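Student: Sequence first, predicted model second:
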Amino acid sequence: NDVDGKIDCADDDCAGTAACAGPTRESNCADGLDNDEDGFIDCSDTDCSSFAGCQLPDRESNCGDGVDNDSDGLVDCADTDCAGYAGCGTGGSESNCSDLVDDDGDGLADCLDPDCEAEASCQGTLSCNSMMGCYRCCADNDMQCRVACTNEATANARDIYMTINECIYTNCLDACDGTDLDACMACQEASCMTEINACGSTLADEGTGEGCYGLIQCMGTCAGPITNGNADTCPSDPGSVCFDGCLANVDVSSIDKLNAVNGCISEKCPACMTISCDAECVVQTSTECTECMAPCSDCQQSECMTELYGCIFDRS
């Protein structure tokens, strides 16, 4: 109207009028518009800092997607969050396949590294299940001991182990950050049980017919894993070797029946996971042992008899 080159609300003459009163903050953080006309759209506007859709992860959540997930300026392998990711090595190859060291920095030491798959030192005999038992023999955080266990496993066992790790890394990275073990276990049970269960069924394809009941009886004769062993003792742990012998005598269906029993007890009878009756059960038929084990035994009889019968009557 005043021919000053500024039209309607763009003209200072209209400042303060009702028709030209815009929002003072970003009123919608997901509409692609600069609602308050401050030059910042949606999540780039500080007004949206508390909006759920504008929250960024606090670590690189995917180390191979070409995206800076946590917006710290470091993408994928350049981010220290990805230091343990197998695809973020330093290049080269594993120069020594039995030194218990990740020589090429790709997150895979010795026989876990594909560079070593043809090496004589990597033709082990432990099943995946026994390799895991060997890990439990290792003292906490003794990675060299764990590598020694891995070196004594079969190639198939190591492949299954890597598949489990990949599933956990893909689905449970945040839950398994070391701060909440229960949350980590819950995530693994929800997302990776197919991969985890495969670890218990790797030896027996053509068993000799001992059945699930025979498997339980056999395992009962095995020595338990060594507590807080090391790289010299754990891979030859007699408990692991014994368990392998038991598994070799049954077929996969018998192992599946035993897994069903263990799964039911784990899910429905938490008392069995925490009860400790070693002192009372030096003689397992004693009254003291029976009384101590009652909370676990009663729950099993109430909640898991279908699975228990399925195993007990599998004897051929």
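Tutor: Arrived safely, thanks for sending.

Student: now the helices: where do they sit in the stretch 1-150 of the chain?
Tutor: 128-137, 143-151 (DSSP state H, counting those that start in this stretch).

Student: With mean pLDDT and mean neighbour count added, can I get those helices in a markdown table?
Tutor: For every residue, glycine as well, the C-beta is placed using N, CA and C. Converted to a markdown table, these look like this (pLDDT from 0 to 100; neighbours: other C-beta atoms under 10 Å):
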| stretch | mean pLDDT | mean neighbour count |
| --- | --- | --- |
| helix 128-137 | 80 | 23 |
| helix 143-151 | 87 | 22 |
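
Student: Those: which one's closest to residue 36?
Tutor: Ranking these by proximity to residue 36 (C-beta to C-beta) places helix 143-151 first, at 53.0 Å.

Student: Touching that closest one from outside, list them.
Tutor: 97-98, 100, 109-112, 121-122, 124, 126, 131, 134-135, 137-139, 158, 161, 229-232, 234-235 (C-beta atoms under 8 Å, 6 or more residues apart in numbering).

Student: Let me see the mean pLDDT of the very next helix or strand once past it.
Tutor: Per DSSP states H and E, helix 143-151 leads on to helix 155-171 as the next helix or strand towards the C-terminus. The average pLDDT within helix 155-171 is 88.

Student: What are the buried residues along helix 155-171?
Tutor: Using 16 or more other C-beta atoms under 10 Å as the test for burial, helix 155-171 gives 157, 158, 159, 160, 161, 162, 163, 164, 167, 168, 169.

Student: Over to stretch 274-294?
Tutor: Neighbour counts over stretch 274-294 (16+ other C-beta under 10 Å) mark 277, 280, 289, 292, 293 as buried.

Student: Is it possible to get TSV of those that adds pLDDT?
Tutor: Output for the buried residues of stretch 274-294, formatted as TSV (pLDDT from 0 to 100):
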residue	pLDDT
277	84
280	84
289	88
292	91
293	90
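
Student: Which members of those are the farthest-apart pair?
Tutor: Of all pairs drawn from the buried residues of stretch 274-294, the greatest distance, 8.0 Å, lies between 280 and 293 (C-beta to C-beta).

Student: just curious, which of the buried residues of helix 155-171 is nearest to residue 250?
Tutor: Distance ranking of these against residue 250, using C-beta to C-beta, places residue 157 first at 17.4 Å.

Student: any idea how far the closest residue to the closest one other than its chain neighbours lies from residue 301?
Tutor: Using C-beta to C-beta, 6 or more residues apart in numbering and skipping residues adjacent in sequence, the residue nearest residue 157 is residue 128, 3.8 Å away. The gap separating residue 128 from residue 301 is 31 Å, by C-beta to C-beta, to the nearest Å.

Student: same thing with residue 292?
Tutor: Per C-beta to C-beta, residue 292 is found 16 Å from residue 301.

Student: Next: residue 39.
Tutor: Applying C-beta to C-beta to residue 39 and residue 301 gives a distance of 70 Å.

Student: These two: which has the busier surroundings?
Tutor: More crowded of residue 39 and residue 301, by other C-beta atoms under 10 Å: residue 301, with 11 against 8.

Student: before we move on, the earlier item: list buried residues within the contacts of helix 143-151.
Tutor: Buried residues within those, defined by neighbour count using 16+ other C-beta under 10 Å: 97, 100, 109-112, 122, 124, 126, 131, 134-135, 137-138, 158, 161, 229, 231, 234-235.

Student: for the stretch 101-250 of the chain, what are the low-confidence residue spans?
Tutor: The stretch 101-250 of the chain contains residues with pLDDT under 70 at 200-209, 223-228, 238-241, 248.

Student: No further queries at this time; thank you.
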